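1. structure for the following, please:
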Amino acid sequence: MTTQTKAAVLRDAEGEFAIEDITLAELGPTQVLVTLVGAGFCHTDVVPRSLASYVLPAVLGHEGAGTVAAVGADVTRVAVGDPVVLTYASCGTCAQCKAGVPAYCTEFIALNMMGGVLDGTASATDAAGQPVANRWFGQSSFAEHCVIDQRDVVPVATDLPLELLGPLGCGIQTGAGTVLRGLDVQPGESIVVFGAGAVGLAAVMAAKIAGAGEVVAVDLHPSRLELATKYGATRVVDGADPELVAAIVAGGPGLDYAIDTTAVTSVMEAAIAATGPGGEVALLGASVDMITLHPTQLTGKKVTYMLEGEADPQEFIPYLVEQWQAGRFPFDELITTYPLADINRAEADSKAGTAIKPVLLP
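-> Purely as a prediction, here's the structure:
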């Protein structure tokens, strides 16, 4: 049975989202229909605006949360009525998935960044019967309903504020996971986080959970640096400081870890320079910027472009919920909610930095 629903559709890379009626195709054997109650707006959701090859029109959104409305014939992980957080897509069968690091699934790009079904068939149509891409990160959750594979839903308890949990599926997971899983920061170690947005502040919160000895936050906005101090930064640095690296290392040999969330060339280079011998750098941001380095600048250092914090959502999202319930991970304080119909205002506020983590409420 097909499903009629409303969704925020982007038709023009330079245009606005518009709320439209769309039809979702019948569920496949392992697919789940979710009635959405909240969906985070992430910087990655505007990437299709700069990808000439991305197929529009499309429904975006990849930080959804809601309740299961219907299940395919072979679904065993969830049942109708279950509250779930949606996360990125993975195949479940490649070596990386089997090793517990689905963020490096060999099909990650095809499943998450192309917006369509792997076999090329249309899985959603608009009011005129024309195809609409609706598999962005396997979910396309800027809508009242979405279809997602059972592998990519994480069941949660019924007594949680479900409408606020969507960001745990990607942005918040990325920041916290990078610290606690990808880098595995240990008590007493030092870390610098470039960019105090949702991902960066989640990383700062996680560094406090990890017991890091020194947590340095870097940003251009004093209000963001104030928040970073509130959530666990032991020191903050103005990103416009002409002696940025010197201000970060403060006369020392460099920090143990660095995280960049900005994807700005000069900032990524500063992250590498601010780590000391044996240091590790995780680059997280999405942009077209590149870095050029002499090999000696990497002496004794490890640099990686890390996806989703290298976290396994089935294990890590429940862990983050536990940390939030214990008062150690107040990610909900970063959220500003908007009706789905106000998606263009949410995007503008996110771009302007006036909203750290917009969450759309269908």
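
2. any chance you could map the strands in the stretch 1-150 of the chain?
-> 3-10, 17-24, 31-40, 58-59, 64-71, 83-86, 124-126, 145-149 (DSSP state E, counting those that start in this stretch).

3. packing partners of the third one?
-> This points to strand 31-40. Packing partners of strand 31-40 (3 or more CB pairs under 8 Å, 6 or more residues apart in numbering; DSSP states H and E): strand 64-71, strand 83-86, strand 145-149, strand 357-361. (Each C-beta comes from the backbone N, C-alpha and C, glycine too.)

4. mind putting those in a markdown table, distance to Ala58, mean pLDDT and mean neighbour count included?
-> Output for the helices and strands packed on strand 31-40, formatted as a markdown table (distance: least, CB to CB, whole Å; pLDDT from 0 to 100; neighbours: other CB atoms under 10 Å):
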| stretch | distance to Ala58 | mean pLDDT | mean neighbour count |
| --- | --- | --- | --- |
| strand 64-71 | 15 | 98 | 22 |
| strand 83-86 | 17 | 98 | 26 |
| strand 145-149 | 13 | 97 | 25 |
| strand 357-361 | 16 | 98 | 24 |
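
5. for Met205, which three-state class applies?
-> Three-state assignment for Met205 (DSSP: H, G, I helix; E, B strand; the rest coil): helix.

6. surely it is in contact with Thr178?
-> No. Using CB atoms under 8 Å, Met205 makes no contact with Thr178, being 11.9 Å away.

7. more crowded one of the two?
-> Using other CB atoms under 10 Å, the more surrounded residue of Met205 and Thr178 is Thr178, with 32 against 29.

8. looking at this, the more buried one is in a strand?
-> No. Counting by three-state DSSP, Thr178 is located in no strand; its state is helix.

9. would you mind measuring from it to Gly38?
-> With distances taken as CB to CB, to the nearest Å, Thr178 is found 23 Å from Gly38.

10. before we move on, what about Asp12?
-> To Gly38, Asp12 is 26 Å away according to CB to CB.

11. A strand includes Thr337, no?
-> Yes. Counting by three-state DSSP, Thr337 is part of a strand.

12. OK, contacts around the nearest residue to it once chain neighbours are set aside?
-> Once flanking residues are discounted, Thr337 sits nearest to Val359: 5.0 Å by CB to CB, 6 or more residues apart in numbering. Contacts of Val359 were listed using CB atoms under 8 Å, 6 or more residues apart in numbering, and they are 38-41, 63, 163-164, 166-167, 335-338.

13. much appreciated, bye for now.
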